[in-house]
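Asks: Pasting a predicted model and its sequence here:
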Amino acid sequence: MNILKKSTRILINLIIILAILQISLPQKSYAAKDICDQGYLRNLGVINLSCVADSTCGDSSVTSANLPGGDNPEKIWNFFIQKGLKPSQAAGFLGNMQAESGFNPRLIEYAYSEKPHESDDLPPIRIPKTGQPGYGLIQWTSPGRRDRLKEKVNSDPQKRKAGDITLQLELVWEELNGPYKNSTLIPVQNSTTATESSTIITLNYEIPSNKKTQAVERAKESEKFLAKYGSTTPPAIDSVPVSTEQARPGALGCAAIPGSGTAASPNAAGAVLKALEYSWPESHGKVPKPEYAAAVQQYNPNAPYNGADCGAFVGIVMKASGADPNYPPVGTSVQMDYVKKHPEKYDVTENFEVKDLLPGDILIVNKGSGQGGFGHTVIFVGTQPGGKNIASASLRNRMPNLGDAEASDSSGRGHYTRARLK
């Protein structure tokens with residue numbers, strides 16, 4: 001009996017000690033919305049956001065928690081509304097995604113298994129004795145479309161999984177602005193009812209096997225979603241609380257941020273996010289990312305070589321992010337002159353080293369005779385996965401991709417000038 005009592009006391013004491021430790025240990029906490037996340041900002045179209053952050057960098061992954069909304073249907077609704085679609089047009093996507101996946105971004109197609117399977121990773125292109133499974137919100141199935149999802153995952157600077165709802169919605173929007181722009185996005189944008197929008201998406205984008213029957217069924221569901229969400233408004237960014245603990249600069253590349261651990265300014269942070277959105281992790285030659293191709297058409301349709309130009313790239317980033325809508329659209333010499341004439345906007349110097357750069361810094365060179373005498377300009381984005389830390393394009397030859405920063409141009413054009421947004 002005494003042994004039992006002693007054992008009981010020891011157990012009680014251990015429980016008390018563990019409880020005390022649990023209370024005293026620092027707890028890792030996350031805000032409802034980590035508003036400095038690249039994906040969250042990009043999907044909401046947010047610009048000029050103050051990302052107040054200390055020098056400690058948190059997990060930079062972007063998950064469904066970064067999209068506003070109580071559940072996946074509401075998050076998807078908010079995504080498309082923030083992209084500028086009308087309620088009836090957004091409802092068309094909900095009706096179709098419900099039929100395809102039940103709003104589950106991790107879903108592997110029912111038809112090729114005895115029961116639904118889920119995974120954060122893409123399933124094999126073909127499963128023995130079963131076939132070619134679809135995957136995700138819209139059930140990407142064909143090799144070509146699955147390759148786009150695979151490429152999106154492999155090139156994601158935040159290393160999100162294929163089953164991440166934010167990543168998948170970004171890809172949907174890229175597809176709509178790329179190969180499905182004329183057949184789907186433009187007709188949807190011109191549609192006036194949820195039924196019309198849903199039918200366009202079913203017939204031209206989803207294309208199920210029994211598409212005529214499915215078009216009718218999905219249109220009915222789309223009308224229900226319009227009735228449910230049509231009068232709601234996605235939460236404004238100003239309603240998201242900001243504090244030093246809640247905001248974090250992980251997406252900006254903490255390893256390269258000296259001192260304060262944040263970008264030079266809110267405008268600089270916005271420019272970095274757009275530069276990363278438009279840039280390949282590695283060179284794709286003259287092939288632009290779909291996001292950049294769409295941005296060229298929106299912000300500088302007359303850009304040299306369809307945007308394969310360093311000055312045009314920086315100009316588009318500055319306009320698209322809202323960092324400086326008046327930034328010259330092309331021409332490194334014109335852009336150099338501009339930043340020097342606007343000390344209220346830019347801190348300009350040639351006296352710097354790479355280690356002194358902050359995310360959002362613009363580098364411009366117009367000296368020497370390298371590369372046929374052309375100048376060059378890049379945006380410093382902080383160290384990204386793979387070690388690259390600038391984003392740039394090159395005249396005639398290269399669409400935007402990530403690269404390595406240098407204080408003096410390796411092509412013989414001289415020392416760069418650094419322009420830092422205030």
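Replies: Done, it's in.

Asks: doesn't residue 347 make contact with residue 265?
Replies: No - if you go by Cβ atoms under 8 Å, residue 265 and residue 347 don't touch, sitting 9.8 Å apart. The way it works is simple: take the backbone N, C-alpha and C, and place the C-beta from them, glycine included.

Asks: For these two, indicate the residue with more neighbours.
Replies: Comparing residue 265 with residue 347 by other Cβ atoms under 10 Å, the one with more neighbours is residue 265, at 20 against 14.

Asks: ok, what's across the strand from the residue nearest to that one when sequence neighbours are not counted?
Replies: If the residues on either side of it in the chain are set aside, residue 265 comes closest to residue 421, at 5.1 Å by Cβ to Cβ, 6 or more residues apart in numbering. For residue 421, the beta-bridge partners are residue 346 (DSSP bridges).

Asks: From residue 78, how far out is residue 421?
Replies: 29 Å (Cβ to Cβ, to the nearest Å).

Asks: With residue 375 instead?
Replies: 42 Å.

Asks: tell me, what's touching residue 265 and residue 347 both at once?
Replies: Taking Cβ atoms under 8 Å, 6 or more residues apart in numbering as the contact rule, the neighbours common to residue 265 and residue 347 are 420, 422.

Asks: between residue 375 and residue 78, who's got more neighbours?
Replies: residue 375 (24 against 21).

Asks: Tell me how many other residues crowd the residue lying closest to the more buried one once chain neighbours are set aside.
Replies: Once flanking residues are discounted, residue 375 sits nearest to residue 332: 3.3 Å by Cβ to Cβ, 6+ apart. For residue 332, the count of nearby residues is 22 (other Cβ under 10 Å).

Asks: my guess is residue 332 contacts residue 376, does it?
Replies: Yes - the pair residue 332 / residue 376 is scored as a contact, 6.4 Å apart, by Cβ under 8 Å.

Asks: Overlap in contacts, the two.
Replies: Common neighbours of residue 332 and residue 376 (Cβ under 8 Å, 6+ apart) are 310, 364, 365.

Asks: got a markdown table for those, with pLDDT, neighbour count and distance to residue 171 too?
Replies: Below are those laid out as a markdown table (pLDDT from 0 to 100; neighbours: other Cβ atoms under 10 Å; distance: Cβ to Cβ, whole Å):
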| residue | pLDDT | neighbour count | distance to residue 171 |
| --- | --- | --- | --- |
| 310 | 94 | 24 | 27 |
| 364 | 95 | 24 | 33 |
| 365 | 92 | 25 | 36 |
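
Asks: any weak-confidence spans in this protein?
Replies: The chain contains residues with pLDDT under 70 at 1-67, 110-116, 123-132, 231-264, 367-373.

Asks: ok so, going back, what's the closest of the shared contacts of residue 332 and residue 376 to residue 182?
Replies: Among the shared contacts of residue 332 and residue 376, residue 310 lies closest to residue 182 (Cβ to Cβ), at 29.6 Å.

Asks: how about the closest one, what does it touch?
Replies: 332, 375, 376, 377, 378, 392, 393, 394, 395.

Asks: Next, the contact list for the first one, please.
Replies: Residues in contact with residue 332 (Cβ under 8 Å, 6+ apart) are 310, 311, 364, 365, 366, 374, 375, 376, 377.

Asks: 6 Å instead?
Replies: 311, 364, 366, 375, 377 (Cβ atoms under 6 Å, 6 or more residues apart in numbering).

Asks: measure it to residue 392 for me?
Replies: From residue 332 to residue 392 the distance is 11 Å (Cβ to Cβ).

Asks: Just the buried positions in stretch 92-103, please.
Replies: By 16 or more other Cβ atoms under 10 Å, the buried positions in stretch 92-103 come out as 92, 93, 94, 95, 96, 97, 98, 99, 100, 101, 103.

Asks: An error on my part: the question was meant for stretch 341-350.
Replies: 345, 346, 348.

Asks: my read: residue 191 touches residue 197, true?
Replies: Yes - with contacts counted by Cβ atoms under 6 Å, residue 191 reaches residue 197, the gap being 4.4 Å.

Asks: which neighbours do those two share?
Replies: residue 89.

Asks: Who has more neighbours out of the two?
Replies: Of the pair residue 191 and residue 197, residue 197 is the one with more neighbours under other Cβ under 10 Å, namely 31 against 20.

Asks: Please name the nearest non-neighbouring residue to that one.
Replies: Residue 197 sits nearest to residue 92 (Cβ to Cβ, 6+ apart), 3.0 Å away.
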